[in-house]
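Chemist: predicted model and sequence follow; I will ask about them next.
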Amino acid sequence: MPHINSLCAKEPHEPRTTQPHVLPLYATSSFAFENIDEGIAIFSNQKEGHGYSRYGNPTVDAVAAKIAALEASGTGLEAAGLLFSSGQAAVATMLMGILKSGDKILTQGNLYGGTTELFVKIFQPMGIETILTDLHDLEHVEDLIADDPAIKLLYFETPANPTLACVDIAALAGIAKRHGRYSAVDNTFATPYLQQPLRYGVDFIVHSTTKFLNGHGNSIAGALVTTHTAQMRMGGGIWQAMKLAGTNCSPWEAWLVHNGMKTLALRMDRHSENALAIAKFLQNDKNVVQVNYCGLPSHPDHEIAKRQMSAYGGMLSFELAGGLEAGIRFMNRIKFCTLAPTLGDVDTLILHPASMSHVAIPRQIREANGITDGLIRLSVGIEHVDDIVEDLTQAMK
Ligand SMILES: *Cc1c(COP(=O)(O)O)cnc(C)c1O
């Protein structure tokens, strides 16, 4: 029998037990091998298994595979997924895995702000240039790509913040494919429950799982899904970038994402239903000069959204008459909705970009991206819709 101090230090865990019903949380940095041969086989990719959790972890892998399965569901395609420490880490790792110095990214000006900053402040000085254009102009996009073989990635986001502008996934993925370039889409706002970009031929899908996939606002993580499965397996380019840059997701964060995802379908149905009702209510309010919701037939991209989404999700924005002053007064009167700089949670979150998230950005640049002084962004939750409407009504008085 070992001594008592040895007993304190030793692992009591016997992995073979009755099958757990719920995904176990593998809070372990490493995995013990039966013998040296098993260790060699796993590290040289001869045998499936785990060695060190930065390379892969059973909890993280299970959640990544589930997100890939959701994205591929009903498409007949085979897809692989990886999870990362954040949505930003997912985008950065994808770029590290598929691009090199001298390559260029073609994208839109109204991406999630952090993504634009990542491209311009981090990757541009390393020799990967970003070109911004209007991705609604398909002919121009095709001309740019045809004329510049250095453009290796066409990157887009649909629907996009804060105007819910949508772009045509099938058309853009088709252009990229015709010219032998990659396409990638940020599917955070829609989630695979409402929009499956793999159906339309896109190569890569990124998610901030922090938002709707988790849905409960209790973890930061990101996902990448692709049909280029070899990129994601041990030894593949993106897997290698994750392993070497250490952008992997922690098992605890992955476990929280999975817990939230179980109700994704129910939540997205309710988010969409509530948001459409609120968009219609706002459209009829005299204090509101403009409502941006891609589910409204009056939205300029409604036809595109209708083609590629099954419903329109929980995000919307609206423009108050009375500009900055009206926006600040409205925000100060809000009681039921929560002022918080995130989105996709089960409860309704409200943001006044001009005084909050975009306060440091010059007005001219803000306005060019649709962020006017009176613009309010709403992440509509799953509460009773009347409680949300009542709050908006009293705040507008
Ligand atoms: C939040 C967000 C991101 C960044 O995700 P993090 O998890 O915060 O790193 C990227 N894209 C979109 C559309 C987002 O809303």
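Modeler: Looks like it came in fine.

Chemist: burial count for the residue of the stretch 101-250 of the chain found nearest the ligand?
Modeler: Going by C-beta to the nearest ligand atom, the ligand is nearest to residue 208 of the stretch 101-250 of the chain, at 3.0 Å. C-beta here means a position set from N, CA and C on the backbone, and glycine is covered the same way. Using other C-beta atoms under 10 Å, residue 208 is surrounded by 29 other residues.

Chemist: wait, it touches residue 188, no?
Modeler: Yes - between residue 208 and residue 188 there is a contact under C-beta atoms under 8 Å: 4.7 Å.

Chemist: put the alpha carbons of the lowest-mean-pLDDT helix or strand in the chain into CSV.
Modeler: Ranked by mean pLDDT, DSSP states H and E, the weakest helix or strand in the chain is helix 363-368, scoring a mean of 82. Coordinates of each C-alpha in helix 363-368 appear next as CSV, following Å, rounded to 0.1, in the frame of the first residue of the first chain:
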residue,chain,number,x,y,z
ARG,A,363,-19.2,60.7,-36.2
GLN,A,364,-18.6,60.7,-40.0
ILE,A,365,-17.2,57.1,-40.0
ARG,A,366,-19.9,56.0,-37.6
GLU,A,367,-22.6,57.3,-39.9
ALA,A,368,-21.0,55.9,-43.0
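
Chemist: buried ones in it?
Modeler: Buried residues in helix 363-368, counted by 16 or more other C-beta atoms under 10 Å: residue 366.

Chemist: what about residue 287, how many residues nearby?
Modeler: Neighbours around residue 287, by other C-beta under 10 Å: 18.

Chemist: same question, residue 376
Modeler: The tally of other residues near residue 376 (other C-beta under 10 Å) stands at 26.

Chemist: could you measure from it over to the ligand?
Modeler: 17 Å (C-beta to the nearest ligand atom, to the nearest Å).

Chemist: just checking, that residue touches residue 352?
Modeler: Yes - using C-beta under 8 Å, residue 376 makes contact with residue 352 at a distance of 5.8 Å.

Chemist: any common contacting residues for the two?
Modeler: Listed as contacting both residue 376 and residue 352 by C-beta atoms under 8 Å, 6 or more residues apart in numbering are 327, 330, 331.

Chemist: show the pLDDT at the first one.
Modeler: Right, residue 327. On pLDDT, residue 327 comes in at 91.

Chemist: okay, buried residues for the lengthiest helix in the chain please.
Modeler: In the chain, taking DSSP state H as the definition, the longest helix is helix 264-283. Neighbour-count burial for helix 264-283 flags 264, 267-268, 270-276, 278-279, 281-282 (criterion: 16+ other C-beta under 10 Å).

Chemist: re earlier: which of the shared contacts of residue 376 and residue 352 fall within helices?
Modeler: When DSSP H is applied, those are split such that 327, 330, 331 fall in helices.

Chemist: leaving out sequence neighbours, find the closest residue to the last one.
Modeler: If the residues on either side of it in the chain are set aside, residue 331 comes closest to residue 352, at 4.8 Å by C-beta to C-beta, 6 or more residues apart in numbering.
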